[in-house]
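Q: Here is my input; please provide its structure:
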Amino acid sequence: MQKKYRIILIAFIVLCYIASNVLNSAQVHAANGKPEVRTLDPIIDQVTQQVLLNIGTNGFNPNAKTKTLTTGGLYVNWMMNDPTQVNKVNPSSNDDPPTSHDIQTDLFYLNTLAEYKYLHPGDTRFDQDIQKISPIVHYEFFNYSIPKGWVYFYLLRDGLLLNDTALVSEANMAASNYYNHWYDTSINLLYNKTHTPGIYSVEHSITAGVALMDAGKRWNQPTWYQAGKATLNTAMAASYNLQSHLFYNNMLVNSDGTEVVLNDQAKASTQGSVVEALAVAYTLEHNQQYLDVASQVLQSMFVSSGLWDQANGGLYFAVDLNSNKLEQKYKETRAQAHALIGLYRYNQVMKAFGRPQIFLDKEQQLVALLTNKFYEPNYHGYFYRVTPNFQIFSSKDANGNPQLENYFTTEAMGLAVDAIQQTEIPHLSF
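A: Numbers count the residues shown, from 1 in each chain. From the prediction side, this is the model:
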């Protein structure tokens, strides 16, 4: 049976490549050209190489399943100093099954490989890793339809950096599915309509809206573009808190189109993702409101909200916009990564249009934090979260027993390396 599954997988991948060639010409011409490369930071290079070597050595799970098929893929996590201990530290259970798999981490991994290869075209040490993970990602994200807009941009960027037309086709398919399955023309919003009332993650719907804008322009689909712009504007109007200048985390959508805040938290990771999306939206639409809101969010994140730890650096998890209580028990690695990417993309837009860049000191501090305080230099990885002073976080398992979260997560590793490598690629247009 295992042999049969592998034959099916191979056949499926071949069909994906054949299908992708139908759109090949349009996709290649849709790219805005590859970004320029500047002098590389040796510290970023060293951290990136060490993380990729760690994932290549300890992170691949040959028993990982996708859609009931054993495809292989990355472990969710593994113990820092004992990589045989895998898929642990799940608050809702004692552990995850050996076949547990999060396809998003495979996409993060391929993205870090693609960026590294682009930045180091003569370095072949990770070529086999690219060849190993690429067909798995093809299978996992073929006809992807969950309304998470960031997936579109990762597929597109990886496809263009690796000259992989199948990945670019999958980005096109994802955008098509966002529009066809999740966009509600009656209220001009892309959201999860399977719930009653409807629901959406602010981060996901806003990035999906901008993804439709980009895809609509890239593939000459004006209805996509207008739906994306409408989604962005509708979600912004409902989920942006004008007093704190931060975005809520989740929203409910009633049948009449009215929206209610579902989660009063303003997570640092959400703010970073939204700022990135607004920067991209401005390059497409040149709507000054997008830059103004992005600027206000950055000011709140780094100065007025308390999210930024003025003493030690780094962003706390969240602030409650109802009680103004700061959630400061820990700092998420992904929050620093999203904040760095959002700030860097915003400043690249400002630079391109001859405007002053802001918080360059915070940009440098975030790079330093992700290559030092958040990075474990002895075993070469990233934890999901750390204490406010960057120690290993201790939580409780499903039985209420203390547990050290000394597990490297492939989500944190992929996002952190993506963030620091993006700062080495100016003028990234996708």
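Q: Stretch 153-162: which residues count as buried?
A: Of the residues in stretch 153-162, those with enough neighbours to count as buried (16 or more other Cβ atoms under 10 Å) are 153, 154, 155, 156, 157, 158, 159, 160, 161, 162. All C-beta spots, glycine's among them, are computed from the backbone N, C-alpha and C.
Q: before we move on, what about stretch 267-274?
A: Result for stretch 267-274 [16+ other Cβ under 10 Å]: buried residues 267, 268, 269, 270, 271, 272, 273, 274.
Q: a markdown table please, covering the residues you listed and showing distance to residue 130.
A: What follows is these, written out as a markdown table (distance: Cβ to Cβ, whole Å):
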| residue | distance to residue 130 |
| --- | --- |
| 267 | 32 |
| 268 | 31 |
| 269 | 27 |
| 270 | 31 |
| 271 | 32 |
| 272 | 27 |
| 273 | 26 |
| 274 | 31 |
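Q: how far away is residue 333 from residue 129?
A: Between residue 333 and residue 129 the computed distance is 22 Å (Cβ to Cβ, to the nearest Å).
Q: whoops, residue 243 was the one
A: 47 Å.
Q: Tell me which of those two has more neighbours.
A: In this comparison of residue 243 against residue 129, neighbours counted by other Cβ atoms under 10 Å, the higher total goes to residue 129 at 21 against 8.
Q: ok, now which ones touch that one?
A: Applying Cβ atoms under 8 Å, 6 or more residues apart in numbering, one finds that residue 129 lies in contact with 52, 55, 56, 113.
Q: switch to 7 Å and redo it
A: When contacts are counted by Cβ atoms under 7 Å, 6 or more residues apart in numbering, residue 129 touches 56, 113.
Q: again, but for residue 351
A: Counted by Cβ under 7 Å, 6+ apart, residue 351 has contacts residue 357.
Q: thinking again about what came up before, quick one: which of the buried residues of stretch 267-274 sit in helices?
A: 268, 269, 270, 271, 272, 273, 274 (DSSP state H).
Q: Quick check: buried residues in stretch 361-376?
A: Along stretch 361-376, these residues count as buried under the neighbour rule (16+ other Cβ under 10 Å): 362, 363, 365, 366, 367, 369, 370, 371, 373, 374, 375, 376.
Q: Identify the residue spatially nearest to the fourth one, adjacent ones excluded.
A: Think residue 366. Nearest residue to residue 366, sequence neighbours excluded (Cβ to Cβ, 6 or more residues apart in numbering): residue 340, at 4.1 Å.
Q: I'd assumed residue 368 was in contact with that neighbour.
A: No: assessed by Cβ atoms under 7 Å, residue 340 is found out of contact with residue 368, at 10.5 Å.
Q: Show me what the mean pLDDT comes to for the host helix or strand of residue 139.
A: Secondary-structure assignment from DSSP states H and E places residue 139 in helix 127-141. Averaging pLDDT along helix 127-141 yields 98.
Q: Ok, stretch 269-286 next?
A: On average, stretch 269-286 scores 97.
Q: got a list of contacts for that stretch?
A: 150, 202-203, 206-207, 210, 213-214, 217, 229, 232, 246-247, 249, 290-291, 293-294, 297-298, 301, 332, 334-335, 338-339, 341-343, 345-346, 349.
Q: Repeat the analysis, applying 6 Å as the threshold.
A: The set of residues external to stretch 269-286 that reach it, using Cβ atoms under 6 Å, 6 or more residues apart in numbering, is 202-203, 206-207, 210, 213, 232, 246-247, 249, 290-291, 294, 297, 301, 334-335, 338-339, 341-342, 345-346, 349.
Q: Now a PyMOL select for only the buried ones of the residues you listed.
A: A single PyMOL command selects the buried members of the contacts of stretch 269-286 (16+ other Cβ under 10 Å):
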select buried, resi 202+203+206+207+210+213+232+246+247+249+290+291+294+297+301+334+335+338+339+341+342+345+346+349
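Q: Helices along the stretch 101-250 of the chain, start to end?
A: Read by DSSP state H, counting those that start in this stretch, the stretch 101-250 of the chain holds these helices, from start to end of the chain: 103-119, 127-141, 149-162, 165-177, 202-218, 222-239.
Q: could you give the angle of the fourth one to helix 222-239?
A: Using axes from the mean of the first three to the mean of the last three Cα atoms, to 10 degrees, the inter-axis angle of helix 165-177 relative to helix 222-239 is 60 degrees.
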